[in-house]
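K.L.:
Need a 3D model of the following:
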Amino acid sequence: MASRILLIGTARWAATLRRKYEVARARSGLQAKLYSGQRFSLIVIDAASMYVSGERICRDVKARFPDSTLLLISASANAASAASADITLRAPLTARALTTAVSRLLTADPNDVIRCGPFTLNRRARFLQAHGRQAPLSPKLAGLIELFMSRPNETLTRADIMRHVWKTAYLDDTRTLNVHIRHARKLLETDPRKPAYLRTVRGIGYRFEVALEKI
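P.N.:
Predicted coordinates for the structure are as follows:
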């Protein structure tokens with residue numbers, strides 16, 4: 001049976017998604033309320049087509065369909081709306097980019113997904129969702145980011161990182177670690193030259209600083 005998708009916004013992506021999935025459509029967040037009580041594997045909110053940030057729609061949809069995965073298409077990297085969605089794609093985008101993201105979300109094992117602050121990492125597919133964009137990762141870069149996301153706000157020594165990611169205690173040459181830290185900052189930071197998340201702890205190592213939700 002094909003996965004059910006609710007598309008909120010214009011009909012632009014309806015034909016593309018209907019090639020593989022069963023698609024219901026709502027022209028707005030208000031109209032989406034008509035589907036309350038129904039189950040959808042995925043909800044696609046095309047905020048860009050409605051010329052809104054999507055923040056309020058995301059909140060309403062999450063509350064109304066708590067078990068559904070949420071994909072947001074947005075023209076801006078609004079942090080609040082991006083944090084409400086499982087994946088955010090920046091408009092303009094291609095049909096291929098959308099179908100690839102949809103396929104990944106529908107086949108993802110929840111145990112493969114790590115969320116920490118405004119970031120989402122899919123360990124199996126090795127892609128990172130950050131600042132309204134998703135980026136593919138090399139195996140080592142995925143391992144490095146996973147280590148930081150699994151131990152937020154904790155200072156990790158360079159030796160800790162080398163042991164966990166590179167499976168070695170050899171520290172005479174850590175140039176490869178330096179290179180991977182630079183690559184990680186390009187993805188995690190809005191300004192890699194002034195890191196706000198992946199911070200250097202001088203003489204020790206690094207700390208991944210994020211504000212965690214209080215339960």
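K.L.:
distance of the spatially most distant residue from the centre of the chain from F40?
P.N.:
No residue in the chain sits farther from the centre than D172, which is 35.0 Å out by C-alpha atoms, centre = their mean. Separation of D172 from F40 (C-beta to C-beta, to the nearest Å): 54 Å. Any C-beta I mention is one placed from the backbone N, CA and C, and that applies to glycine too.
K.L.:
Let's test this: mean pLDDT of the helix or strand hosting K62, rounded?
P.N.:
Using DSSP states H and E, K62 maps to helix 55-64. Taken as a whole, helix 55-64 has a mean pLDDT of 85.
K.L.:
Now for the closest residue in space to H183 that isn't next to it in sequence, how many residues are close by?
P.N.:
Of all residues not flanking H183 in the chain, L141 sits nearest, at 5.7 Å (C-beta to C-beta, 6 or more residues apart in numbering). For L141, the count of nearby residues is 20 (other C-beta atoms under 10 Å).
K.L.:
Can you name the residues that contact L141?
P.N.:
180, 183-184 (C-beta atoms under 8 Å, 6 or more residues apart in numbering).
K.L.:
Next up, identify which helix or strand it is on.
P.N.:
Assigned by DSSP H and E, L141 belongs to helix 139-150.
K.L.:
coming back round to it: which SS class is the residue farthest from the centre of the chain?
P.N.:
coil (DSSP: H, G, I helix; E, B strand; the rest coil).
K.L.:
pLDDT score assigned to it?
P.N.:
So, for D172, pLDDT stands at 80.
K.L.:
Who are the contact partners of it?
P.N.:
The contact partners of D172, taken as C-beta under 8 Å, 6+ apart, number zero.
K.L.:
Past the helix or strand bottoming out on mean pLDDT in the chain, which element shows up next along the chain?
P.N.:
Of all helical and strand segments in the chain, the minimum by mean pLDDT, DSSP states H and E falls on helix 79-84, at a mean of 55. Following helix 79-84 in sequence order, the next helix or strand is strand 87-90 (DSSP H and E).
K.L.:
Return the set of buried residues in that next one.
P.N.:
87-90 (16 or more other C-beta atoms under 10 Å).
K.L.:
For G203, state which of these is nearest.
P.N.:
For those, the residue nearest G203 by C-beta to C-beta is T88; the value is 37.0 Å.
K.L.:
Against T157, how distant is the closest one?
P.N.:
33 Å.
K.L.:
For my notes, confirm T100 occurs in a strand.
P.N.:
No. Per three-state DSSP, T100 lies outside any strand segment and is helix.
K.L.:
Compute the number of surrounding residues for it.
P.N.:
Considering only other C-beta under 10 Å, T100 is surrounded by 15 other residues.
K.L.:
M162 too?
P.N.:
18.
K.L.:
Show me what the helix or strand harbouring it packs onto, helices and strands only.
P.N.:
For M162, the host element (DSSP H and E) is helix 158-166. Contact partners of helix 158-166 among helices and strands, from 3 or more C-beta pairs under 8 Å, 6 or more residues apart in numbering; DSSP states H and E: helix 139-150, helix 175-188, strand 205-208.
K.L.:
Adding pLDDT and distance to T200, write the buried residues of strand 87-90 out as a markdown table.
P.N.:
Below are the buried residues of strand 87-90 laid out as a markdown table (pLDDT from 0 to 100; distance: C-beta to C-beta, whole Å):
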| residue | pLDDT | distance to T200 |
| --- | --- | --- |
| I87 | 81 | 30 |
| T88 | 82 | 28 |
| L89 | 85 | 32 |
| R90 | 83 | 29 |
